[in-house]
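# Here is the input, now give the coordinates:
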Amino acid sequence: MTHASPRPSENGDNGRNPGKPLSEHTTLRLGGPARELVEARDWSEAVAALREAEGPTLVLAGGSNVVVGDAGFDGTVVLLRGGGVERIGEGLVRVQAGQVWDEFVAWTVAEGLSGVECLSGIPGSAGATPIQNVGAYGQEVAQTIASVKVFDRETGEIRDRSPQECGFAYRHSVFKHSSRYLVLSVDFRLEAGPLSRPVAYAELAKRLGADVGDRVPLAAAREAVVELRRGKGMVLDPADHDTWSAGSFFTNPVVGAAALHGVADRAGGEPPHWPAGEGRVKISAAWLIGAAGFAKGYRRGNVGLSTKHTLALTNRGGATTAELLDLAGEVAGKVEREFGVRLRPEPVMVL
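All right, here's what the predicted structure looks like:
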């Protein structure tokens, strides 16, 4: 995401700040300086900034799903700020890209709209959710997105893309690993009523005292999800180094039956897994990491696995991105040697 013709700031620097470390703008608290840093207070300023910028551009909002290298970014980084939510039709709501995601989820619950309640507690902005097809506890945004408004940097056009045009897949879309599109706003089709969508995740159902497939009060679903995330260090807390992370660092690998059987043979039992369509399954990456011998809290210098959840790689204070990537390589390498399955990073890499 990127920049707009910034208005003059009070100190007369036109909102531009050269050389500011990006570690101040990522939840990992890692990343070197940007050549130029511009704050855009809405998507129109962001579009203007992109059109005006010379050289490479990068847009950051919540900074929760990105790993920035120690060298920083030799270009213009736009900080997308500002949000807002509005009803635009029966069951349709529009959220601006800069809106804090969890505030939007809380709003839907308060308004009696179901469809994203199990995505509570996830850090970052609403505009980032279609890029990653953000998902958790049995829901993902692709299930409820009606359209995504984007700025096409190649053509200079602003247009709406349908869910089919977004190419949603597991933790993926056409927007990921591409700088062509800037997400400006997202339309969600939600269901009016006091109850959640059917609970699809066994761990959540257990916490709620319900069965998989049950519907529960929206507020209860949100509260249970936030409690589960907090217990895994996945709710931001400046005092808790377990939350100095990019969330889940690896995606759950999707494999065929032969690979699943191979893991089971090597581990002496089947790993937790879920159907992924077309005869394939998702295997728990957290389980693979633990089975490969990495315990919660495993430490390597200034980085380590969360003390609450093996899937989060954390900055324990004073870390560098190089240290974090070395740890990621160590974990992924051992999992592959032990089980023949390669773990893939979930965050966007800006290296």
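# Identify each buried residue in the longest helix belonging to the chain, please.
Counting residues, the longest helix found in the chain (DSSP state H) is helix 321-339. For helix 321-339, burial by neighbour count (16 or more other CB atoms under 10 Å) applies to 321, 323-325, 327-328, 331-332, 334-335, 339. In this view, the C-beta of every residue, glycine as well, is placed from N, C-alpha and C.
# I'd like to know which of the residues you listed is nearest to residue 61.
Proximity of those to residue 61 (CB to CB) peaks at residue 321, which lies at 19.5 Å.
# quick one: that closest one and residue 30 touch, right?
Yes. In terms of CB atoms under 8 Å, residue 321 counts as a neighbour of residue 30; the distance is 4.7 Å.
# Give the residues shared as contacts by these two.
Listed as contacting both residue 321 and residue 30 by CB atoms under 8 Å, 6 or more residues apart in numbering are 67-68, 70.
# Tell me the most packed of these, by neighbour count.
residue 68 (28 neighbours; other CB atoms under 10 Å).
# Give me the nearest residue to that one, chain neighbours excluded.
residue 31 (3.0 Å; CB to CB, 6 or more residues apart in numbering).
# ok so, going back, among the shared contacts of residue 321 and residue 30, which are in strands?
The members of those that map onto strands under DSSP state E are 67-68.
# Next, format the shared contacts of residue 321 and residue 30 as a markdown table and append distance to residue 183 and pLDDT.
Formatted as a markdown table, those follow (distance: CB to CB, whole Å; pLDDT from 0 to 100):
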| residue | distance to residue 183 | pLDDT |
| --- | --- | --- |
| 67 | 19 | 98 |
| 68 | 19 | 98 |
| 70 | 27 | 98 |
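# Now render the shared contacts of residue 321 and residue 30 as JSON lines, adding distance to residue 261.
As requested, the shared contacts of residue 321 and residue 30 are exported to JSON lines (distance: CB to CB, whole Å):
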{"residue": "67", "distance to residue 261": "33"}
{"residue": "68", "distance to residue 261": "39"}
{"residue": "70", "distance to residue 261": "41"}
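# Pick out whichever of the shared contacts of residue 321 and residue 30 sits closest to residue 79.
For the shared contacts of residue 321 and residue 30, the minimum distance to residue 79 (CB to CB) is 12.9 Å, reached by residue 68.
# Against residue 280, how distant is that closest one?
Remark: distance between residue 68 and residue 280 (CB to CB, to the nearest Å) = 32 Å.
# on that earlier part again, so which of the buried residues of helix 321-339 would you say is closest to residue 158?
Scanning those for proximity to residue 158, where the rule is CB to CB, the winner is residue 321, at 33.5 Å.
# mind checking pLDDT for the residue nearest to residue 215 when sequence neighbours are not counted?
Excluding the flanking residues, the one nearest residue 215 by CB to CB, 6+ apart is residue 195, at 4.0 Å. Looking at residue 195, its pLDDT stands at 98.
# do residue 243 as well
Reported pLDDT for residue 243: 96.
# Surely it touches residue 232?
No. Assessed by CB under 8 Å, residue 243 is found out of contact with residue 232, at 9.8 Å.
# where in the stretch 1-150 of the chain is pLDDT low?
Residues of the stretch 1-150 of the chain meeting the criterion pLDDT under 70: 1-19.
# which residues sit in contact with residue 20?
Counting by CB under 8 Å, 6+ apart, the residues that residue 20 touches are 33-34, 37.
# Among the residues you listed, which lie within strands?
Using DSSP E, the contacts of residue 20 in strands are 34, 37.
# if we can go back for a sec, the residue nearest to residue 215 and residue 203: what is the separation?
19 Å.
# Can you tell me the closest non-neighbouring residue to the spatially most central residue of the chain?
Residue closest to the average C-alpha location in the chain (CA atoms, centre = their mean): residue 65, at 4.6 Å. Residue nearest to residue 65 in three dimensions, not counting chain neighbours: residue 347, with 4.9 Å by CB to CB, 6+ apart.
# So that neighbour is in contact with residue 62, correct?
No. If you go by CB under 8 Å, residue 347 and residue 62 don't touch, sitting 12.0 Å apart.
# so who does the closest residue to residue 256 other than its chain neighbours touch?
Spatial nearest neighbour of residue 256, chain neighbours left out: residue 280 (5.5 Å); criterion: CB to CB, 6+ apart. If a contact means CB under 8 Å, 6+ apart, then residue 280 has 254-257 as its contacts.
# got it, and residue 253?
Going by CB under 8 Å, 6+ apart, the list of residues near residue 253 reads 282-283, 285, 288, 341-344.
# now do residue 240
For residue 240, the contacting residues are residue 233, by CB under 8 Å, 6+ apart.
# where exactly do the strands run in the stretch 251-351 of the chain?
Using DSSP state E, counting those that start in this stretch, the strands found in the stretch 251-351 of the chain span residues 254-255, 273-275, 281-283, 299-300, 303-305, 313-315, 348-350.
# give me the number of residues near residue 90?
Around residue 90 there are 7 residues (other CB under 10 Å).
# And it, how far from residue 76?
Distance from residue 90 to residue 76, by CB to CB: 40 Å.
# Also residue 143?
35 Å.
# out of the two, which sits in the more crowded spot?
Taking neighbours as other CB under 10 Å, residue 143 and residue 76 compare with residue 76 leading, 23 against 17.
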